[in-house]
Structure formats: C-alpha cells, structure tokens
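Chemist: Sharing a sequence plus its predicted fold:
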Protein chains: 2
Amino acid sequence: MQLRAVGVVKSSLKEPSLVAESGDLEWRPKEGRREWRIRVSELIIDSNFAGILDGIEDFSHLLVLYWAHLVPPEGRSIIKAHPMGRKELPLVGIFATCSPARPNTICAIVVRLLEHKENVLKVEGLDALDGSPIVDIKPYIPSYYRADNIKMADWMLQIEREFAKGLIAE
Amino acid sequence: MQLRAVGVVKSSLKEPSLVAESGDLEWRPKEGRREWRIRVSELIIDSNFAGILDGIEDFSHLLVLYWAHLVPPEGRSIIKAHPMGRKELPLVGIFATCSPARPNTICAIVVRLLEHKENVLKVEGLDALDGSPIVDIKPYIPSYYRADNIKMADWMLQIEREFAKGLIAE
C-alpha cells in the first residue's frame, strides 16, 4: 500500500507540539488549539491532478487526510503512550489517542472550505504543519462522519476541558 | 509514504457496489446503505500490535481508515467522474466525491464501538468489504470530526434523499 502525495499544506504552523522521541510522546506547545481552529491554511494540489477539485466548492466542509511527515520512523513503533506525554494520565494504546505518532502517520481532520481557486483550497481549522503532504480530500457527509451521543474517556474529557479553559498552551 | 496493514476487516459484505473500470465508475448495488449502517463488522488487529487498543473501550465511536483493496490500479488515476457512475449527475472532480477509486484508495468512516475483546473490535456502521486492510483507528473527538451548518452539492443531496427513500439499492 503505497501512498502518493497529491499536494502540500501551506500553513503558518511550522513546528509540532507533540513530539515522538525515545518511544514516548512529549508535549512542546507552540500554541493552543483555540488558535488552530481559526487558522487559515492552504491545500495546494499538484498540477498533474488538475480537475480533481472540480465541484468541491459546493461543499462547506471537507475531511482532509495528511501525512504527519515530521514523525520519526521510530514514532511509528509506539504501541502505548501517556496522552500528550503526561505521566499522570493513563497509559493507553495509541489507537485510543490522537497522537500523530502511530503505525501509519496519517492525520484526519474536518475543515471548513473558505475558497477554491484552481488548484488551491483555502480552509479553516486545519492542524497540519506547513509542508505536510496531502493524502486525500473528501467532502464532509454527515451520514459518514457525524456521530451523536458520544462517549469519551475521562482523560480525553479532561484534556478537552483544559484546552477550552486555555489551561494548555495558550 | 508506505502504509502497513495493522489488521483486517471481517464483514458479511463481500462485493463492492461501486466499481471502477475503464476510467469511470459503475454502480452495481448489492445492498442499500440502510443495511450497512446497522451492519456489525469486526476489526481484527494483528498480534504484533498487541496493546494498541488498550483503553479504546472508553470511547463510544471511532474513525476507521481502511484500504479499498479491490480498486484496480487504474482506478487510482481517475480524476473526474459522474457520481455513482450516473451520467445524469454532473461530472465532478474525484475529491468532490466519496468514490473509493481515488489517488490514494483510503476510505474513512465513523463507526459505533460495540465491544472490545483483546485484539478484536466489534463495530456498527462500517461500510468496508470483508478482507479490507485496516490502516488506522482513531477515537471520535467531536472537535476534530463534527461539523455543523453543513452545505452539500445538490447532486449529493439528491443521492442522500434517494438512499433515505429506499430508491437506491434496497
């Protein structure tokens, strides 16, 4: 299963906050999540895919898959970790976390489409670093991606509350 | 960017409905979407990733990335298509569609987690065919994957209505 980059992310976000080193995760905040949720980035599609975005402007939201290119090879071998590298949070399997360091370093996030001009999409809410290879772009279809009556782990709720209160990285 | 399969899908769904052949899409329904939304499938994780699911049972929903392994190599070169192969619908770029035939044949879908036992997850709502290689599993976090005030293309709304009314493939 070989991926090809279909384009590249252009963003003011240059350095990762979550770093995978020596088999564990470490949080080195550069900014808060509140900031990335309103950040405007560009998705620049390679010219050999000309036309592949046609009609995408009829959708308000997209699911973007990108490659977390700064995760070192050893980051793909991490099986369990403390979320955000915080030792007071439970040690859980990587598939229970949002860590970019995972067996396949693909990140997925929903963004709002602001503008489509030729091979460039301007989007809001992308957390990808500048230079991230784009793997895929899909229209946001609620029946595929929206879930209600969600339950999340206590530690994730705690992290969400801390971000919301600005206690983390702002 | 090389992917490794982390496991495999076990499902009663054996054949694709949407087939990519000779540079276009064709719809060969085997069943309706109403059926796959209540279908129970299993995600069987390889034993060399033991522990990677620990704690995942604290989440009610997951985002699953899987490889659409039955898309032929030429399906990855399709740039534009009529959605579901229906010529009366507009010809749009592949990134405006949910076609599994796309430059990187990764599908993403949100499922409900029913059960976690060792290396097996039982989930509801997976549209993957039996034998699909699993690429990634992530916890469903509303702030990443949930969007409100959605706008979709007219042709997509039409397809959604037809599925809902049972006019397609049921």
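Modeler: That came through, no problem.

Chemist: In terms of helices and strands, where is A:Ile44?
Modeler: strand A:40-45 (DSSP states H and E).

Chemist: Just the buried residues of that strand, please?
Modeler: A:41-45 (16 or more other C-beta atoms under 10 Å in any protein chain shown). Every residue, glycine included, has its C-beta placed from N, CA and C.

Chemist: Give me the distance from the one helix or strand A:Val135 maps to to the chain's centre.
Modeler: Assigned by DSSP H and E, A:Val135 belongs to strand A:133-139. In terms of C-alpha atoms, centre = their mean, to the nearest Å, the centre of strand A:133-139 is found 11 Å from the chain centre.

Chemist: what do you get for stretch A:93-104?
Modeler: Per C-alpha atoms, centre = their mean, the centroid offset for stretch A:93-104 relative to its chain is 12 Å.

Chemist: where in chain A is pLDDT low?
Modeler: A:22, A:29-36, A:167-170 (pLDDT under 70).

Chemist: now the strands for it?
Modeler: A:7-10, A:18-21, A:24-27, A:40-45, A:61-67, A:80-81, A:92-93, A:106-117, A:120-124, A:133-139 (DSSP state E).

Chemist: Any chance of JSON lines for the ones you listed, columns distance to chain B?
Modeler: Output for the strands of chain A, formatted as JSON lines (distance: least, C-beta to the nearest C-beta, whole Å):
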{"stretch": "strand A:7-10", "distance to chain B": "10"}
{"stretch": "strand A:18-21", "distance to chain B": "14"}
{"stretch": "strand A:24-27", "distance to chain B": "14"}
{"stretch": "strand A:40-45", "distance to chain B": "8"}
{"stretch": "strand A:61-67", "distance to chain B": "4"}
{"stretch": "strand A:80-81", "distance to chain B": "5"}
{"stretch": "strand A:92-93", "distance to chain B": "3"}
{"stretch": "strand A:106-117", "distance to chain B": "5"}
{"stretch": "strand A:120-124", "distance to chain B": "9"}
{"stretch": "strand A:133-139", "distance to chain B": "4"}
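
Chemist: what about A:Met84, neighbour count?
Modeler: 20 (other C-beta atoms under 10 Å in any protein chain shown).

Chemist: so it sits right up against A:Gln158, yeah?
Modeler: No: applying C-beta atoms under 8 Å as the test, A:Met84 and A:Gln158 come out as separate, 10.5 Å apart.

Chemist: what sits against the residue nearest to A:Leu25 when sequence neighbours are not counted?
Modeler: The shortest distance from A:Leu25 to any non-neighbouring residue, by C-beta to C-beta, 6 or more residues apart in numbering or on different chains, is to A:Gly85 (4.0 Å). A:Gly85 makes contact with A:18, A:24-27, according to C-beta atoms under 8 Å, 6 or more residues apart in numbering or on different chains.

Chemist: at 7 Å what do you get?
Modeler: A:24-27 (C-beta atoms under 7 Å, 6 or more residues apart in numbering or on different chains).

Chemist: Same check on A:Gly131?
Modeler: By C-beta under 7 Å, 6+ apart, the neighbours of A:Gly131 are A:8-9, A:69.

Chemist: need those in CSV with neighbour count and distance to A:Gly55, can you?
Modeler: CSV is the format used below for the contacts of A:Gly131 (neighbours: other C-beta atoms under 10 Å in any protein chain shown; distance: C-beta to C-beta, whole Å):
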residue, neighbour count, distance to A:Gly55
A:Val8, 19, 22
A:Val9, 23, 22
A:His69, 17, 29
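
Chemist: For A:His82, give me its contacts.
Modeler: So A:His82 contacts A:25, A:89, A:91 (C-beta under 7 Å, 6+ apart).

Chemist: wait, which of those residues is closest to A:Tyr140?
Modeler: Nearest to A:Tyr140 out of these is A:Leu25 (C-beta to C-beta; 28.6 Å).
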